[in-house]
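Novice: next input, structure requested:
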Amino acid sequence: GSGCFAVVISHDDEKGTTRLRLPSGGKKTVSSLARAQIGVVAGGGRTDKPLLKAGTAYHKYSVKRNCWPKMRGVAKNPVEHPHGGGNHQHL
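Specialist: A predicted model of the protein is given here:
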């Protein structure tokens, strides 16, 4: 799966096998013909940086789906939402 990794310990050319060390500490023997991806996943840490402005968030979500901005029902009028109206907007 995504984010999994293993370290190649040794190759056995006669048998055509490769020994792997897994993150759990266990060792596994696989065929040397098996394929694997080398490197790290691109775009790691992209979510660590804050969005800073509403405009950045707007452009981020406009290409995805209609889930921004999140409007609270309490903030609406009674004709627009069952939670709307009243004097105090308790969440």
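Novice: mean confidence for stretch 50-61?
Specialist: The pLDDT scores in stretch 50-61 average 96.
Novice: next up, the contacts around residue 86.
Specialist: Residue 86 is in contact with residue 74, counting by CB atoms under 8 Å, 6 or more residues apart in numbering. Where you see a C-beta, it was placed from the backbone N, CA and C, and this is true even at glycine.
Novice: can you tell me the SS state at it?
Specialist: Using DSSP: H, G, I helix; E, B strand; the rest coil, the structure places residue 86 in coil.
Novice: if I look at it, how far off is residue 78?
Specialist: Distance from residue 86 to residue 78, counting by CB to CB, to the nearest Å: 8 Å.
Novice: please apply the same query to residue 59.
Specialist: From residue 59 to residue 78 the distance is 33 Å (CB to CB).
Novice: all strands for the chain, in order.
Specialist: Under the criterion DSSP state E, the chain contains strands at 7-12, 17-21, 27-31.
Novice: turn the ones you listed into TSV, columns for mean pLDDT, mean neighbour count and distance to residue 65.
Specialist: TSV is the format used below for the strands of the chain (pLDDT from 0 to 100; neighbours: other CB atoms under 10 Å; distance: least, CB to CB, whole Å):
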stretch	mean pLDDT	mean neighbour count	distance to residue 65
strand 7-12	93	11	39
strand 17-21	94	16	40
strand 27-31	94	12	40
